[in-house]
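> I would like the atomic coordinates for the input below:
(chains A, B and C)
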Amino acid sequence: MPELPEVETTLRGVSPHVIGKRVREVIVRDKRLRWPVPDTIHEMEGCRIDSGIRRAKYMLFGTTKGTLLLHLGMSGNLRVLTPDVPFKKHDHLAITLDSGKQLRLHDPRRFGAALWIEGDPMQHALLKDLGPEPLGDVFSAAHLHAACKGKTAAIKLVIMDSHVVVGVGNIYASEALFMAGIDPRKPAGKVTRPRLEKLVKAIRDVLTASIEMGGTTLRDFVNESGEPGYFAQTLRVYDREGDPCRVCGTKIKRIVLGQRSTFFCPKCQH
DNA sequence: AAAACTACCTGAGTGC
DNA sequence: TGCACTCAGGTAGTTT
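Numbering: from 1, shown residues only, chains lettered A, B, ... in the order given. This next block holds a predicted model:
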């Protein structure tokens, strides 16, 4: 579910409700997430949340005492409710604010995470080795070219490698490669520089467009208000096996690359 | 070093 | 209905 646009959508929706607010109580209903929710998360109680930023698919909420790191995994969502709303199954974490609102992390598959970081969050093991943000200046054709040089791995796997660039998940990798006209199986080292230029632009464009539409809801993604995103209607290849290519009418193919479903148009992509 | 694969977990959908 | 099976948006970690 949540890739970068969905995390960004969630963060933008949640931020106005949490920035400047004080944490009244942290309720851990089930600590069994990807990593056990640490008891130190209660350190947040009494703290004022000063900032909310995204790094890759992680959300970071800063206080003077430490930083709350949240990840939505494959099936997570973060909603703004009030304490009187009954908990649902898989509501694992709730953070009550002095405004009377309550943030809730809901994650059926429990691949998400909630951690408390003391010190510089960017030096945390999960964050320090990440590649550049796809929407930032560091991610460029020159950067991607250097990362692809000599690699025999499929280009799709390279753009999904978080050491190369963060935030490009399975949906948007297929979409960006379609937009750039590149076969996802193509060895990264053999993709020409001009086509890498197109790919960088395609990655930026598809992520930006999706953010503007509130993300992609295939099955269960909802934003902080419980509403779906509308980018799924715009998907060109993802989850469209057998359907006609929106450009040439050829049937979209599905293959598996790196154990993940990959969709492309065999005529438009080389 | 890089590629290949495993693990974590629940729920929806499919075929019998 | 029910059972067995497949598949799913992420990513750290292990093995080859």
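
> so where do the strands sit in the stretch 51-200 of chain A?
Remark: strands assigned in the stretch 51-200 of chain A by DSSP state E, counting those that start in this stretch are A:51-55, A:58-62, A:67-71, A:77-81, A:91-97, A:102-106, A:113-117.

> The fourth one - what's its average pLDDT?
Confidence over strand A:77-81 (mean pLDDT, whole number) is 97.

> same deal with the fifth one?
Per-residue confidence for strand A:91-97 averages out to 97 on the pLDDT scale.

> And the contacts of that strand?
With contact meaning Cβ atoms under 8 Å, 6 or more residues apart in numbering, strand A:91-97 is reached by A:17-18, A:21-33, A:37, A:44, A:49, A:68, A:83, A:87, A:102-107, A:110, A:112, A:114. Glycine gets a C-beta too; all of them are placed from N, C-alpha and C.

> Run the angle between it and strand A:102-106 for me.
170 degrees (axes from the mean of the first three to the mean of the last three Cα atoms, to 10 degrees).

> Also the fourth one?
Between the axes of strand A:77-81 and strand A:102-106, defined by the same axes, to 10 degrees, the angle is 150 degrees.

> other SSEs contacting strand A:77-81?
Strand A:77-81 is packed against helix A:4-18, strand A:102-106, with contacts defined by 3 or more Cβ pairs under 8 Å, 6 or more residues apart in numbering; DSSP states H and E.

> Pull out the buried positions in the longest one.
Applying a neighbour-count criterion of 16 or more other Cβ atoms under 10 Å, the buried positions in helix A:4-18 are A:4-11, A:13-15, A:17-18.

> tell me the angle of it relative to strand A:58-62?
Using the same axes, to 10 degrees: helix A:4-18 against strand A:58-62 is 20 degrees.

> Which residues does helix A:4-18 contact?
Contacts for helix A:4-18 (Cβ under 8 Å, 6+ apart): A:2, A:49, A:52-54, A:56-59, A:61, A:72, A:77-78, A:80, A:97, A:99, A:101, A:103, A:134, A:166-169, A:172, A:207, A:210-211, A:214-216, A:221, A:223-225, A:229, A:231.

> try it again with 6 Å
A:49, A:52, A:54, A:57, A:59, A:78, A:80, A:101, A:167, A:207, A:210-211, A:214-215, A:221, A:223-224 (Cβ atoms under 6 Å, 6 or more residues apart in numbering).

> before we move on, what about the last one?
Strand A:102-106 has contacts (Cβ under 6 Å, 6+ apart) with A:77-79, A:81-83, A:90-96.

> Name the nearest residue to the residue of chain A found nearest DNA strand C, ignoring sequence neighbours.
Nearest residue of chain A to DNA strand C: A:Gly169, at 2.2 Å (Cβ to the nearest atom of the strand). Nearest residue to A:Gly169 in three dimensions, chain neighbours excluded: A:Glu3, at 3.5 Å (Cβ to Cβ, 6 or more residues apart in numbering).

> Can you tell me how far that neighbour is from DNA strand B?
Note on A:Glu3: its distance to DNA strand B, by Cβ to the nearest atom of the strand, to the nearest Å, is 16 Å.

> what residues are up against the residue of the stretch 151-270 of chain A found nearest DNA strand B?
Nearest to DNA strand B, among the residues of the stretch 151-270 of chain A, is A:Ala153, at 3.5 Å (Cβ to the nearest atom of the strand). Shown in contact with A:Ala153 (Cβ under 6 Å, 6+ apart): A:Ala188.

> do the one 5 residues further on as well
A:Val158 sits next to A:Cys148, A:Val164, A:Ala188 when contact means Cβ under 6 Å, 6+ apart.
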